Structure formats: structure tokens, C-alpha cells
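Peer 1: Fold the following.
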Amino acid sequence: MRSIVIVSLAALVVGIIAGLGAWLFRSLIAFFQNLLFLGDFSFAFDPTAFIAESPWGPGIILVPAVVAGFVAWLVKTFAPEAKGHGVPEVMDAIHYNEGRIRPQVVVVKALASALSIGSGGSAGREGPIIQIGAAMGSNLAQIIRLPVGQRLTLVAAGAGAGIAAAFNAPLGGLVFAIELMLL
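Peer 2: Residues are numbered from 1 along each chain as shown. Below is the predicted model of the structure:
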């Protein structure tokens, strides 16, 4: 009975942290987009607003290529498992690594993906949010030393919280966590 309470409280904490992480991730995307294309230090983003000419002039075309090179170096150097879409990497951690995801993955995945998306890269924000949430669940489970089965539950809870935050669909996150992560 005691372990159910501990896992439930930990899942609640993971859900809150993953939701905040998703908000921060979206803010980082807006920040990098404003910085890289407008030279503006701002977290505000309005996709319908008129955008004046870039301060970089014709050099703006180099922004995505330069950022892509930096992102590749960042991921390869600090957390190679942060590469890819996010969902397959989480499933791999669940099925082949007992749900262990290194803490660096949260930071590297968030920065690399936000830079990539903010610079015009052809990536979506859902996969990274799922991997960030799952990594938060894994790290909390490792910190409080939960057994493997409960760690997997928290990884799935973090991934589900990421889906819920990305799509504003809490029931979708629940179904995703159970169907794709735990079965």
C-alpha cells in the first residue's frame, strides 16, 4: 500500500514538472526564433504578427545551417541518446535500459530541439516534450530509488504528461502512456 502512495505522489510531481517543462520548452522555441531571426531577446511569439526585415539581411539564409551544425555537435558531445524524434528513444529506454534515462538528456534535448525548431528546422515539438517528460520521470525514480517496475511507471507517466501538455489532452496522454509506453 505504501509503495502505491509513493508512486502516485511521484507521478503527480512528474506531471507537474513535465507540464512546466513543456511550457519552458515552448518559451525557448519562441526565444530562439526571436533571437535568431529578429535579433530580439523576447519570449513572446505571435505567428500572425508582421515581421520586419531581418537584421541579418541576406545572411539569414545561413541561420538554419549554422544552428544545425551546432545542434549536431551539442547532441553528439553531451547526450547522444537525445538524438532522434523522442518517442522511439523513450521506448528503447523502457524496453532495453530498465527505464534509465540520464539527466543530461533533459537539458540537451530541450536546448537542441528548441534551437532546431526555433531556427526553422523541420521538427515537431511533441517528440521532444515526450522525451523530456519521460527523462524527468526516470530521473525522479532514480533519485528516490524506486524499483524497476515503478521506474517504468514514472517514465510512462512523464511521457504521458508530455503528450497531455503538447496537445492539451490529458486523456490522450493517459492512453498514450498505457498503450505505447507500457504495453
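Peer 1: Please enumerate the strands of this protein.
Peer 2: Applying DSSP state E to the chain gives no strands.
Peer 1: and the longest helix for it?
Peer 2: Longest among the helix segments of the chain by residue count, using DSSP state H, is helix 2-33.
Peer 1: What residues sit buried inside that one?
Peer 2: Neighbour counts over helix 2-33 (16 or more other CB atoms under 10 Å) mark 7, 10-11, 13-15, 17-19, 21-22, 25-26, 28-33 as buried. Quick note: C-beta positions are derived from backbone N, CA and C, even for glycine.
Peer 1: and that helix, what does it pack onto?
Peer 2: Applying 3 or more CB pairs under 8 Å, 6 or more residues apart in numbering; DSSP states H and E, one finds that helix 2-33 makes contact with helix 104-118, helix 126-143, helix 148-167.
Peer 1: would you turn those helices into a markdown table with mean pLDDT?
Peer 2: Conversion of the helices and strands packed on helix 2-33 to a markdown table gives the following (pLDDT from 0 to 100):
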| stretch | mean pLDDT |
| --- | --- |
| helix 104-118 | 92 |
| helix 126-143 | 91 |
| helix 148-167 | 91 |
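Peer 1: Any chance of JSON lines for these, columns distance to residue 62 and mean neighbour count?
Peer 2: Shown next, in JSON lines, are the helices and strands packed on helix 2-33 (distance: least, CB to CB, whole Å; neighbours: other CB atoms under 10 Å):
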{"stretch": "helix 104-118", "distance to residue 62": "15", "mean neighbour count": "22"}
{"stretch": "helix 126-143", "distance to residue 62": "24", "mean neighbour count": "26"}
{"stretch": "helix 148-167", "distance to residue 62": "30", "mean neighbour count": "25"}
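Peer 1: wait, which of these is closest to residue 2?
Peer 2: When the helices and strands packed on helix 2-33 are compared by CB to CB, helix 148-167 sits nearest residue 2, at 11.8 Å.
Peer 1: Which elements pack onto that closest one?
Peer 2: In terms of contacts (3+ CB pairs under 8 Å, 6+ apart), helix 148-167 is packed against helix 2-33, helix 87-96, helix 126-143, helix 170-176.
Peer 1: quick one, that helix and helix 87-96 angle?
Peer 2: Angle of helix 148-167 versus helix 87-96, following axes from the mean of the first three to the mean of the last three CA atoms, to 10 degrees, is 170 degrees.
Peer 1: just to revisit the earlier point, with residue 54 as the reference, name the closest of the helices and strands packed on helix 148-167.
Peer 2: helix 2-33 (11.5 Å).
Peer 1: Mean confidence (pLDDT) on the closest one, please.
Peer 2: Helix 2-33 shows a mean pLDDT of 91.
Peer 1: which residues are contacting stretch 111-131?
Peer 2: 18, 21-22, 25-26, 28-33, 35-37, 63-64, 67-68, 70-71, 74-75, 82, 84-87, 89-90, 101, 105, 109-110, 159, 162-163, 165-167 (CB atoms under 8 Å, 6 or more residues apart in numbering).
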